[in-house]
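K.L.:
Sequence isn't available, so here's the structure alone:
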């Protein structure tokens, strides 16, 4: 019998974990001199909730067939995933200092062949949900109990392949598939609604046959309950999580310039001071 490896018990502890993850994101991207801070910071609470309260995972048994699968479809947010995996125990924390360095397993996008805990290599946007459909369908065929969670960017949902996958998931009634969309409303070229409008976004997922929820993607009081309905659904679940790009750092928040730019030393120092003041770093 597979057992959940749960490290925290309440929302206060979750916030402390999220705070450490944010701090590590800033430090590792600054040291690397390249990376994607905006979209990494916007999904921290989602990843924290998944790994520390929701996913049935144990880093001591990474190949357990009944483990839940997580796919970071928005692969450029790899710093957030690496920092989460380090907190959870999949990788050593000292690996974080090697982000994007020559020979490091922590590349700019996740590599399943180099990093424990990575289920699929991602980075080419639009493909993650299709892989998730395949994994979820595989679980049904093999009569396995694992669930598949896919985190997508909202700009990524302008890709046609996302909606092909959404249609297939509904057709096969994959109630073991959960898509979480990081709805921060910014992509590399600007506001999503100006680049290629997604609205009415929630209604689109519903129209494709998904059960759909809309939540505050930074509020554990909304994130955790959204995942608690999973045992009772009869169709795939889409959670549209409204977030702030660059969350936690004032000069990065809602600023598209920080989509793929590393902070300089003085900017990193300022960011860490802000995080120290706003969040309890323990």
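P.N.:
Perfect, I can see it now. Quick caveat, the model's predicted, so the values are computed rather than measured.
K.L.:
Check residue 2 and give its pLDDT.
P.N.:
You'll see residue 2 listed with a pLDDT of 44.
K.L.:
go on, residue 276?
P.N.:
For residue 276, pLDDT reads 87.
K.L.:
Which positions within the host helix or strand of it qualify as buried?
P.N.:
Assigned by DSSP states H and E, residue 276 belongs to helix 265-278. Across helix 265-278, burial judged by 16 or more other C-beta atoms under 10 Å covers 267-268, 270-272, 274-275. All C-beta spots, glycine's among them, are computed from the backbone N, C-alpha and C.
K.L.:
of all those residues, which comes closest to residue 234?
P.N.:
For the buried residues of helix 265-278, the minimum distance to residue 234 (C-beta to C-beta) is 41.1 Å, reached by residue 275.
K.L.:
check contacts around that closest one.
P.N.:
19, 22-23, 26, 248-249, 281 (C-beta atoms under 8 Å, 6 or more residues apart in numbering).
K.L.:
which element is residue 226 on?
P.N.:
Going by DSSP H and E, residue 226 is in helix 220-228.
K.L.:
Please work out the average pLDDT along that helix.
P.N.:
Computed over helix 220-228, the average pLDDT equals 97.
K.L.:
chain center to that helix, what's the gap?
P.N.:
15 Å (C-alpha atoms, centre = their mean, to the nearest Å).
K.L.:
Next, the buried residues of the strand or helix carrying residue 22.
P.N.:
Assigned by DSSP H and E, residue 22 falls within helix 11-32. Under the neighbour-count criterion of 16+ other C-beta under 10 Å, helix 11-32 has 13-32 buried.
K.L.:
repeat for stretch 186-204
P.N.:
Neighbour-count burial for stretch 186-204 [16+ other C-beta under 10 Å]: 186-187, 192, 198, 201-202, 204.
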